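In: fold the following, please.
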Amino acid sequence: QVQLVESGGGLVQPGGSLRLSCAASGRIADINTMGWYRQAPGKQRELVASMSSHDMTNYVDSVKGRFTISRDSAKNTVYLQMISLKPEDTAVYYCNADVRTQGSIRYKNYWGQGTQVTVSS
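Out: Residues are numbered from 1 along each chain as shown. The predicted structure is shown next:
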């Protein structure tokens, strides 16, 4: 089994910054794409940013220029640096990863439990 554990959420004022981390653990053989999704109250979960194993990145338009995704493959960890935060960034942020476990030839998709980000004065 694989676990994704997020950290780094919290309350921040508009214009502030936060850095989210997500560490994957378990019987991991390989990780393909890792990414961050978010879900605000009453809204659908949306992709915020993703990063492939070849360092290809993808961002939702609303965060381009403000959020940066990065990963440390040696630590099976993905980060989301968020600057110039806005109230509309308030949401639960979820880590997501496509993981191949030891002894398997297939990748499975895993989710973290989520971390709350609140942007408010």
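
In: next, give phi and psi for G114.
Out: Dihedral pair for G114: phi 100, psi 150, per degrees, to the nearest 10.

In: identify the residues contacting it.
Out: Listed by Cβ atoms under 8 Å, 6 or more residues apart in numbering, the contact set of G114 reads 6, 39, 92-94. Yep, even glycine has a C-beta here, placed from its N, CA and C like the rest.

In: repeat that for 10 Å
Out: G114 makes contact with 4, 6, 9, 37-39, 45, 91-95 under the criterion Cβ atoms under 10 Å, 6 or more residues apart in numbering.

In: for those residues, which single residue is the most surrounded?
Out: Each of the contacts of G114 was scored for neighbours by other Cβ atoms under 10 Å, and C95 scores highest at 26 neighbours.

In: surely it is in contact with G9?
Out: No: taking Cβ atoms under 10 Å as the contact criterion, C95 and G9 are not neighbours in contact, 11.1 Å apart.

In: who touches both of these two?
Out: The overlap between the contact sets of C95 and G9 (Cβ under 10 Å, 6+ apart) consists of 20-21, 114-115.

In: which ones among those residues lie within strands?
Out: Secondary-structure check on those using DSSP state E: residues within strands are 20-21, 115.

In: okay if I get those residues as JSON lines plus neighbour count?
Out: Listed next are these as JSON lines, based on neighbours: other Cβ atoms under 10 Å:
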{"residue": "L20", "neighbour count": "23"}
{"residue": "S21", "neighbour count": "17"}
{"residue": "T115", "neighbour count": "22"}
